[in-house]
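A.B. asks: Fold the following and give me the result.
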Amino acid sequence: MTAPRTLDVDIGTFTLVANSFWQSAGWPRRICAVLFGQHQVYEHLGLRFRVSFWRQRPYLVTVREAKA
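C.D. replies: As a prediction, this is how the structure comes out:
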């Protein structure tokens with residue numbers, strides 16, 4: 001049995017959802033997500049994304065260029 005593969009579309013969709021939650025959140029929720037959330041960092045299409053999970057919702061915190 002092989003491990004499930006992560007598709008580009010899945011990563012892109014997850015990033016768009018996390019960005020949507022970040023844009024709709026107020027400042028107190030953004031601060032809590034950054035300070036108290038569990039962070040996940042991943043690279044996709046030459047960019048490095050940092051997503052914070054706060055109360056089971058993803059929030060896109062930073063987007064930077066990936067180091068070569």
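
A.B. asks: burial of Ser24, as a residue count?
C.D. replies: Residue neighbour count, defined by other CB atoms under 10 Å, stands at 9 for Ser24. For every residue, glycine as well, the C-beta is placed using N, CA and C.

A.B. asks: For it, report the pLDDT, please.
C.D. replies: pLDDT recorded at Ser24 is 97.

A.B. asks: ok, it to Pro58 distance?
C.D. replies: Ser24 is 12 Å from Pro58, where distance means CB to CB, to the nearest Å.

A.B. asks: For the chain, give me the ranges with low pLDDT.
C.D. replies: For the chain, applying pLDDT under 70 flags the ranges 1-5.

A.B. asks: can we see that at 90?
C.D. replies: Applying pLDDT under 90 to the chain picks out residues 1-10, 44-45, 67-68.

A.B. asks: Need the residue closest to the centroid of it.
C.D. replies: By CA atoms, centre = their mean, the chain has its centre lying nearest to Val51, at 2.8 Å.

A.B. asks: Now the element after the helix or strand in which that residue is found, going C-ward?
C.D. replies: Val51 is part of strand 47-54, with elements assigned from DSSP states H and E. Downstream of strand 47-54, the next assigned helix or strand under DSSP H and E is strand 57-65.

A.B. asks: Name every strand pairing with that next one and say which way it goes.
C.D. replies: strand 47-54 (antiparallel) (DSSP bridges).

A.B. asks: So in this structure, which helix runs the longest?
C.D. replies: helix 8-24 (DSSP state H).
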